[in-house]
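requesting a structural model of the entry that follows:
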Amino acid sequence: MSTYIFNGGGGGAATVQASLPSGYSTNTGSGHSSGGLTTETVYALPTLFLVYRLTIFPRTSYKITAQVHQINPAVFFHVVEQTVMWKGAWNLVDGAYVLTMPGSGTCGSLRFVSDTGEDFVITLGVHNYKRWGDIVTDLDYDNTGVTITPQYYGGRTQQREKQLTTYNVNNVKGRNFQFNYTVAKGNDLKVKIIIG
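So this is what the prediction gives:
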């Protein structure tokens, strides 16, 4: 806050207080008197020109249809948790898990657990208008879809940024988990989740 005092010729004084936005400064010139009134030259608000290029993308909703294929008949994995980041929903439609999202920049996860105690989380989403996915195996007791899903906008960002169309990983028992986008472009995406 800066205070400026202007003295009138009759000995009275008027005080004016003014605030400038953060980052701006005042510079007072030497005062001069004209008819008993002291004036100050104040320089503030430097000229700043910013040019922005604005690219507008239409708000497109996305749907990812995930078909689960379990190759080994000796073990069965079932979904125990469905999570979504930022406005979306999972639905089970004709045996497929369907993730609907209102736009790019969000994702959803499915957590699977087997009758042998094995587990994994698969996360699927759209980032910068392209599909992506990741699989996390051998979960700690406190790792769930609720804790892992937000990590793709924090500690697991690099995996999201890869925007993979296919990925596979083994757990500590050697079981293979993979996903493969069969429709990888557009807003009606399709992916196979394959459990070995």
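
next, the closest residue to residue 105 other than its chain neighbours: phi, psi?
In space, and not counting its chain neighbours, residue 105 is closest to residue 127: 6.4 Å by Cβ to Cβ, 6 or more residues apart in numbering. (C-beta placed from N, C-alpha, C; glycine too.) The phi/psi pair for residue 127 (degrees, to the nearest 10) reads phi -130, psi 130.

near residue 127, how many other residues are there?
18 (other Cβ atoms under 10 Å).

just residue 69 next, same as before
Using other Cβ under 10 Å, the number of residues around residue 69 comes to 11.

could you do the one 10 residues further on as well?
With neighbours defined by other Cβ under 10 Å, the count for residue 79 comes to 15.

ok, residue 179 next?
If you count neighbours by other Cβ under 10 Å, residue 179 ends up with 22.

residues in contact with it?
For residue 179, the contact set (Cβ atoms under 8 Å, 6 or more residues apart in numbering) comprises 66, 122, 124, 133, 135, 166, 167, 168, 191, 192, 193, 194.

roughly how far apart are it and residue 87?
Going from residue 179 to residue 87 by Cβ to Cβ, to the nearest Å gives 23 Å.

output the below-cut-off pLDDT ranges for this structure.
Low-confidence segments of the chain (pLDDT under 70): 1-59.

let me see the domain layout of it.
Following automatic domain parsing, one gets these domains for the chain: 2-43, 62-195.

mean neighbour count, the ones you listed: which tops it?
Using mean count of other Cβ atoms under 10 Å, the stretch among these with the greatest mean number of neighbours is domain 62-195 (a mean of 16).

could you pull out the helices for the chain?
145-148, 157-161 (DSSP state H).

adding distance to residue 185, write those out as TSV.
Below are the helices of the chain laid out as TSV (distance: least, Cβ to Cβ, whole Å):
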stretch	distance to residue 185
helix 145-148	26
helix 157-161	18
